[in-house]
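Undergrad: Fold the following and give me the result.
(one chain, ligands or ions: 2)
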Amino acid sequence: MNTGLRRLLAIAEKERRTIIGLMSGTSLDGLDVALCEFTGHGTQTQMVLKQFDTMPYSTEFKQQVKAIFSKREVDLEKVCLMNAYIGSFHAELINACLQKWKVAPEEVDVIASHGQTIYHAPASQHQIEGMPNATLQIGDGDHIAVKTGIITLSDFRQKHIAAGGEGAPLAVYGDYLLFSEKGQNRIMLNIGGIANFTFLPGDLDTTRIFSTDVGPGNTLMDAYVQQRFPGKYYDADSEIASQGKYDAALLAALLDHPFFELGFPKTTGPELFNLAYLEQAQQTSNTTHLSPEDVMATLNRFSATAICEAISRSTNEEQFEIFLSGGGMHNPLLLQNITQLLSGAVIRNTAELGVSPDAKEAVLFATLANECLVGEKIDFGTGKQSIPSVQMGKISLP
Ligand SMILES: Nc1ncnc2c1ncn2[C@@H]1O[C@H](COP(=O)(O)OP(=O)(O)OP(=O)(O)O)[C@@H](O)[C@H]1O
Ligand SMILES: CC(=O)N[C@H]1[C@@H]2OC[C@@H](O2)[C@@H](O)[C@@H]1O[C@H](C)C(=O)O
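TA: Residues are numbered from 1 along each chain as shown. Ligands and ions are numbered 1, 2, ... in the order given. Got it, this is the predicted structure:
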């Protein structure tokens, strides 16, 4: 038998598996690298986060990705080059983490790589008749496997689409396996570039679980800061937005889009929520004169409002607790807006559940890899197209 396959089978039979989860999100801040140890699978999964680092991207790398990111027309040669380049580059960053953590590659069973999303096109967004839901993540897993010497699982989203989903949010699988708690309704709210949440009912009825994107988290705020405040990449500690006041007319125009009328679940990305979206809202609401600080305050309120309306709509007045994750939880004004709009809600973060909120998405991909290797298909109930019963990930042998 192929020795790589033999190794894979041995890993699947181990009692304890060491898996590195990787996430490179839409904010392009860096590569999240989580070293996780798993025992069990499915609802018996036990995960301990051993190490976590975000390896920051250089400005030059961000520019290279941005050139082919969330645009309908790009240079296809650049896409081709970046697919291989990102794979190799991520491998270098993993090797650097392993050195820093003093962990030998042989101690790691597999790597679980999300790759870099460069385009997300659910049918509800592209509206091209006869064309399916589609999404594209690049940074090929073969490059990671060969350059680290570690078996790599990657490209998790395609199976989800093949089985009827939109390729996202995949958080629901990890949220259910790691954070479901009998007797407590939980909302796992991740505020990354895009905000999404999973509802985990306290009665553990899997047919009631769902997960959806709700709209922008940081993506529009980041894009505006980068355009108007050269040298800044995001509104650190809401310094800019706190100096302004939100504008009701612009807020209403931002919220006036069919995306917000769509039922749950739904997915989106910077393909929709970008500077052109903001400019159009400013035109229709006659607010092009607003100061950048007021625009930032309004964008902050916009993200909070979209998040809170989606949560309120989906919880039917049930009691629930919110567990935050993602970079947006470090934005004080955003949290203040959310707390105000969801008055009375208990807001915590996933550190209280044993997973650093910055690491949660990288841990998710490690969890998906663990399921792919040893799990059964998790069944969320029949007819649930948005959470198909699948195991995800393609396997690259070094
Ligand atoms: N101190 C801070 N103050 C304000 N905002 C912050 C702070 N720290 C992080 N952020 C925001 O968090 C963003 C990064 O979040 P995160 O890493 O969760 O996004 P992502 O994983 O790339 O996105 P996605 O989950 O949509 O793919 C930054 O771009 C910034 O907008
Ligand atoms: C296509 C894509 O990369 N989507 C991301 C993005 O970032 C947040 C939100 O939009 C989410 O739906 C998804 O990532 C997380 C990890 C998910 O699939 O749950």
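
Undergrad: Next to ligand 2 in this structure, residues from the protein, please.
TA: 25-26, 117, 120, 135, 167-171, 192-194, 196, 213, 267, 269, 361, 364 (Cβ under 6 Å from any ligand atom). Any C-beta I mention is one placed from the backbone N, CA and C, and that applies to glycine too.

Undergrad: Recalculate using a threshold of 8 Å.
TA: 23, 25-26, 114, 117, 120, 135, 137, 157, 167-172, 190, 192-196, 211, 213, 217, 267-269, 326, 361, 364-365 (Cβ under 8 Å from any ligand atom).

Undergrad: Out of those, which are close to ligand 1?
TA: Answer for the residues of the chain next to ligand 2 near ligand 1 (Cβ under 8 Å from any ligand atom): 23, 25-26, 117, 190, 192-196, 217, 269, 326, 361.

Undergrad: What about those residues, which are in strands?
TA: The strands, defined by DSSP state E, take in 23, 117, 190, 194-196 from these.

Undergrad: coming back round to it: give me the buried entries from the residues of the chain next to ligand 2.
TA: Buried residues within the residues of the chain next to ligand 2, counting neighbours by 16 or more other Cβ atoms under 10 Å: 23, 25-26, 114, 117, 120, 135, 137, 157, 167-172, 190, 192-196, 211, 213, 217, 267-269, 326, 361, 364-365.

Undergrad: Torsion angles phi and psi at the residue in the stretch 201-350 of the chain that ligand 2 sits nearest to?
TA: In the stretch 201-350 of the chain, the residue that lies nearest ligand 2 is D213 (4.8 Å; Cβ to the nearest ligand atom). Dihedral angles of D213 (phi, psi; degrees, to the nearest 10) stand at phi -80, psi 150.

Undergrad: Give the bridge partners for it, please.
TA: D213 forms beta bridges with N196, as assigned by DSSP bridges.

Undergrad: which residues touch it?
TA: Each residue near D213 by Cβ atoms under 8 Å, 6 or more residues apart in numbering is listed here: 168-169, 194-196, 265-268.

Undergrad: Throw these into CSV and include pLDDT and distance to S389, thanks.
TA: Listed next are the contacts of D213 as CSV, based on pLDDT from 0 to 100; distance: Cβ to Cβ, whole Å:
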residue, pLDDT, distance to S389
A168, 97, 17
P169, 97, 16
I194, 97, 25
A195, 98, 26
N196, 98, 20
P265, 93, 15
K266, 96, 20
T267, 97, 19
T268, 97, 24
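
Undergrad: Output these in TSV; the columns should cover distance to Q44.
TA: Shown next, in TSV, are those (distance: Cβ to Cβ, whole Å):
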residue	distance to Q44
A168	26
P169	23
I194	31
A195	30
N196	26
P265	26
K266	31
T267	29
T268	34
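
Undergrad: hang on, the earlier thing: tell me the least confident of the ones next to ligand 1 among the residues of the chain next to ligand 2?
TA: In terms of pLDDT, the lowest of those is T26, showing 91.

Undergrad: Residue numbers of the protein in contact with ligand 1?
TA: 23-30, 32, 54, 117, 190-196, 217-219, 221-222, 233-238, 269, 325-328, 330-332, 334, 358, 361.

Undergrad: For the stretch 251-398 of the chain, which residues score under the pLDDT cut-off?
TA: Applying pLDDT under 70 to the stretch 251-398 of the chain flags residues 317, 383.

Undergrad: can you tell me the residue of it closest to ligand 1?
TA: G327 (1.9 Å).

Undergrad: Report the separation between that residue and N337.
TA: Noted for G327: a distance of 16 Å to N337, by Cβ to Cβ, to the nearest Å.

Undergrad: same check, this time on P169
TA: With Cβ to Cβ as the criterion, P169 and N337 are 22 Å apart.

Undergrad: What of K100?
TA: According to Cβ to Cβ, K100 and N337 sit 37 Å apart.

Undergrad: Which residue of the two possesses the greater neighbour count?
TA: Taking other Cβ atoms under 10 Å, K100 and N337 do not tie; N337 has more neighbours (23 against 12).

Undergrad: How is this protein divided into domains?
TA: The chain breaks down into these domains under automatic domain parsing: 3-170+358-396, 181-353.

Undergrad: Y277: helix or strand, and which one exactly?
TA: helix 275-284 (DSSP states H and E).

Undergrad: now the helices: where do they sit in the stretch 251-398 of the chain?
TA: 258-261, 275-284, 292-315, 332-341, 360-374 (DSSP state H, counting those that start in this stretch).

Undergrad: what is the orientation angle of the longest one with helix 275-284?
TA: Angle of helix 292-315 versus helix 275-284, following axes from the mean of the first three to the mean of the last three Cα atoms, to 10 degrees, is 100 degrees.

Undergrad: helices or strands next to helix 292-315 in the packing?
TA: Where contact means 3 or more Cβ pairs under 8 Å, 6 or more residues apart in numbering; DSSP states H and E, helix 292-315 is packed against strand 186-191, strand 194-200, strand 210-216, helix 219-228, helix 248-255, helix 275-284, helix 332-341.

Undergrad: hmm, 7 Å instead?
TA: On a contact count with 3 or more Cβ pairs under 7 Å, 6 or more residues apart in numbering; DSSP states H and E, helix 292-315 meets strand 194-200, strand 210-216, helix 219-228, helix 248-255, helix 332-341.

Undergrad: Contact partners for D247?
TA: 287, 290, 294, 298 (Cβ atoms under 7 Å, 6 or more residues apart in numbering).

Undergrad: what comes up buried for stretch 87-100?
TA: By 16+ other Cβ under 10 Å, the buried positions in stretch 87-100 come out as 87, 89-91, 93-94, 97-98.

Undergrad: what about P230, distance to Q63?
TA: P230 sits at a distance of 13 Å from Q63 (criterion: Cβ to Cβ).

Undergrad: And these two? Which one has more around it.
TA: Neighbour count, other Cβ under 10 Å: between P230 and Q63, Q63 has more, with 11 against 7.
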